[in-house]
Each structure stands twice: as structure tokens, then as C-alpha cells.
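K.L.:
only geometry, no sequence info:
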Ligand SMILES: Nc1ncnc2c1ncn2[C@@H]1O[C@H](COP(=O)(O)OP(=O)(O)OP(=O)(O)O)[C@@H](O)[C@H]1O
């Protein structure tokens, strides 16, 4: 083996130790049944932490292929809601369904990820020492025993998927660069690309444009709007300019419940939303 290939193999082995667990690694299946309703359905969900009710009788419905923005003041329950959907937090009461077949409250985090719910946290968690393509290889769907996945020769389909995701995320020119030298925006797109490798049905994206430059924000808006349709996308974001640029339907959370829902113009003009969140200047909310 030539020295470059051997070095690459070593680095992959290092990241592919069987004892390491990656929450993004679960392969997606798509048995979710949306023929008779939404892809995500939360009904009357409540959860308290030490007597403090973080989520209070929350109802939320996301349609298949929809792009939904969730906004709301600090402490409104946005993160807790994502935690409930992904199985990190168990609600005290209520129902959470993925399509009409999967009761998410009966499943643990890996099982929920397996069904095709991908979550992108605010801070990028790419593997900086690996190049862009290697990061995507790591996230490749199909085999949960990642070290085996990594060491196996990429089949034609896998290679085509990597090319497709590089194209989608605008990272084709960066494919051989170490992730550590990418800009903040490029790292965020790479992490979204890593989720896409699993062909998720639902993407939960937490504050995607925090810390981004204006041009990076535009590209992120373009990326997320393109992803919707092929998968459902739920975006939690505080930057109202960004939300306005991508939003079709916006849900406003307040004190763990839905305060308002509708188009950006509808919620931005709602006096209750203005009072608790947007204030006089929505751009600085
Ligand atoms: N594990 C926990 N234990 C105790 N309280 C918690 C826990 N998780 C969340 N909370 C509380 O629940 C409330 C909702 O928090 P959450 O993080 O979901 O809000 P958020 O809308 O995501 O806020 P932000 O916009 O600041 O991220 C907050 O008051 C928070 O302090």
C-alpha cells in the first residue's frame, strides 16, 4: 500500500475504534408511514424538571417534506422539545409519533435515529483531522459497526452518494481538505452532509446560522430550503432575518406551549408574539 493510502487507513482506524459510539452513525431505514397523516405528531406533551414545567401540553404537527421554523424566547422549551423527539428526554405525558406507525415514546435514542430522525446540534462536531470525504464516509448509512464500514472499500453506490452530498452541501471543491481547516460555515454544511449520508426522513437543526457570516447564512438558507421536500426539516433559530428568508410556516413556543403558528407575517404581526418575543424589532429578538 502506498504511504498516502496507508496513512489514511491508519487515521480511519483511529477514528473507527469499535468502542467509540457516534450518535450520528445509526443507519436510516424508511419504514415511516405518512400515507394517512403527518411525519411528526406531538399531542398534549408535558415534561417537568424538579417541579418546573418546561413543556406544557405541547401540540405540534409536521407534514412530510415540510420546512418548519421554531422560534421563541430563551427557555421557551425549544431544546427540550427536540430532546423529546429524539428520545433524549422522556415526557411525563402525551404522545409523540413518527408517521402513523412509530410511537417514539417506546423507543430509545439509537432506535429513533435508526428510523431516520437526524439531529444537528448548534456546534459543529466534525472530525477535524479527517478530510471532508472521510467525514462523510464515517457517517455512511448501512452498517452500524462503523469500523467495518470504514475499512470496507466504498462501493459504487456509496461513492455516488458522497458525490451527491458534496454537491448538495457545496463542498465538492473541499472534498480532500481536512475538516479542521474549513470555515465555520463549511463545517456546519459538512455536518449537515454527514446527517444526509443516512438519508434521514426528518432533520432537526438547532441554530444553524449562529456565528455565520452573511454570505454563509445565505448559502445555509439555500441549502435548507433545497433539502425540504426530500426530507422534512425543523429549524430552531433565533435570527429572525434568517427565519424570514426560509420560513413557510413558523411555530412560536412560549412557556413550553405553542403560542402562535402561521406564516412569518402572521406570527410577526401577532400582538402576543410581539409582547413575549419579537418586541419592537424582530431582527434583534
Ligand atoms: N434537564 C433539565 N433540568 C432542569 N431544567 C431544565 C432541564 N432542561 C431544560 N430545563 C429548563 O427548561 C426550560 C426550557 O429550556 P429549553 O432549553 O428547552 O429552552 P429553549 O427554548 O431551548 O431556550 P434557548 O433559546 O435559550 O436555547 C428552561 O427554563 C430550562 O432551564
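P.N.:
Now that the structure is in, tell me what you want to look at. Small disclaimer: the values here were computed from a predicted structure and weren't measured.

K.L.:
OK, contacts around the closest residue to residue 230 other than its chain neighbours?
P.N.:
Among residues not flanking residue 230 along the chain, residue 65 sits closest, at 7.2 Å (C-beta to C-beta, 6 or more residues apart in numbering). In this view, the C-beta of every residue, glycine as well, is placed from N, C-alpha and C. Applying C-beta atoms under 8 Å, 6 or more residues apart in numbering to residue 65 gives the contacts 39, 228-232.

K.L.:
ok but residue 113 is inside a strand, no?
P.N.:
No - applying DSSP: H, G, I helix; E, B strand; the rest coil, one finds residue 113 to be helix, outside a strand.

K.L.:
so it sits right up against residue 98, yeah?
P.N.:
No - here residue 113 lies out of contact with residue 98, judged by C-beta atoms under 8 Å, at a distance of 11.2 Å.

K.L.:
and residue 105, how many neighbours does it have?
P.N.:
15 (other C-beta atoms under 10 Å).

K.L.:
give the contact list for it.
P.N.:
Contacts of residue 105 (C-beta under 8 Å, 6+ apart): 90-91, 95-96.

K.L.:
Confirm that residue 259 sits in a strand.
P.N.:
Yes - per three-state DSSP, residue 259 lies within a strand segment.

K.L.:
do you know how far it is from the ligand?
P.N.:
To the ligand, residue 259 is 12 Å away according to C-beta to the nearest ligand atom, to the nearest Å.

K.L.:
mean confidence for the host helix or strand of residue 166?
P.N.:
Here residue 166 sits within helix 156-169, counting by DSSP states H and E. For helix 156-169, the mean per-residue pLDDT is 90.

K.L.:
helix or strand right after it?
P.N.:
helix 184-196.

K.L.:
between that following helix and helix 156-169, what angle do the directions make?
P.N.:
Per axes from the mean of the first three to the mean of the last three C-alpha atoms, to 10 degrees, the angle that helix 184-196 makes with helix 156-169 is 140 degrees.

K.L.:
Which positions within the helix or strand following helix 184-196 qualify as buried?
P.N.:
As assigned by DSSP H and E, the chain's next helix or strand after helix 184-196 is strand 202-206. Neighbour-count burial for strand 202-206, counted by 16 or more other C-beta atoms under 10 Å, picks out 202-206.

K.L.:
Could you do stretch 65-80 as well?
P.N.:
Using 16+ other C-beta under 10 Å as the test for burial, stretch 65-80 gives 66-73, 76-80.

K.L.:
With stretch 169-179 instead?
P.N.:
169-171, 174, 178-179.

K.L.:
Quick one: residues in contact with it.
P.N.:
So stretch 169-179 is contacted by 126-133, 135, 163, 166, 182, 186-187, 189-190, 192-193, 196, 219, 223 (C-beta under 8 Å, 6+ apart).

K.L.:
For PyMOL, what selects the buried ones among those residues?
P.N.:
A single PyMOL command selects the buried members of the contacts of stretch 169-179 (16+ other C-beta under 10 Å):
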select buried, resi 126+127+130+131+132+133+135+166+182+186+187+189+190+192+193+196+219+223
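
K.L.:
so which strand or helix has the residue of the stretch 101-250 of the chain found nearest the ligand?
P.N.:
Here the stretch 101-250 of the chain gets closest to the ligand at one residue, residue 238, 6.5 Å apart by C-beta to the nearest ligand atom. Following DSSP H and E, there is no helix or strand that holds residue 238.

K.L.:
now swap in residue 42 and tell me
P.N.:
Element membership of residue 42 [criterion: DSSP H and E] is strand 40-49.

K.L.:
Just the buried residues of that strand, please?
P.N.:
By neighbour count on 16+ other C-beta under 10 Å, the buried set for strand 40-49 is 40-42, 45-47.

K.L.:
what does stretch 86-103 give?
P.N.:
Within stretch 86-103, the residues scored as buried using 16+ other C-beta under 10 Å are 86-87, 89, 91, 94, 96-99, 102.

K.L.:
With stretch 227-238 instead?
P.N.:
Buried residues in stretch 227-238, counted by 16+ other C-beta under 10 Å: 227-228, 231-238.

K.L.:
among those residues, which two are most distant?
P.N.:
Pairwise distances across the buried residues of stretch 227-238 peak at 23.0 Å for 231 and 238 (criterion: C-beta to C-beta).

K.L.:
where in the stretch 151-285 of the chain is pLDDT low?
P.N.:
Along the stretch 151-285 of the chain, the parts satisfying pLDDT under 70 run over 151-154, 280-285.
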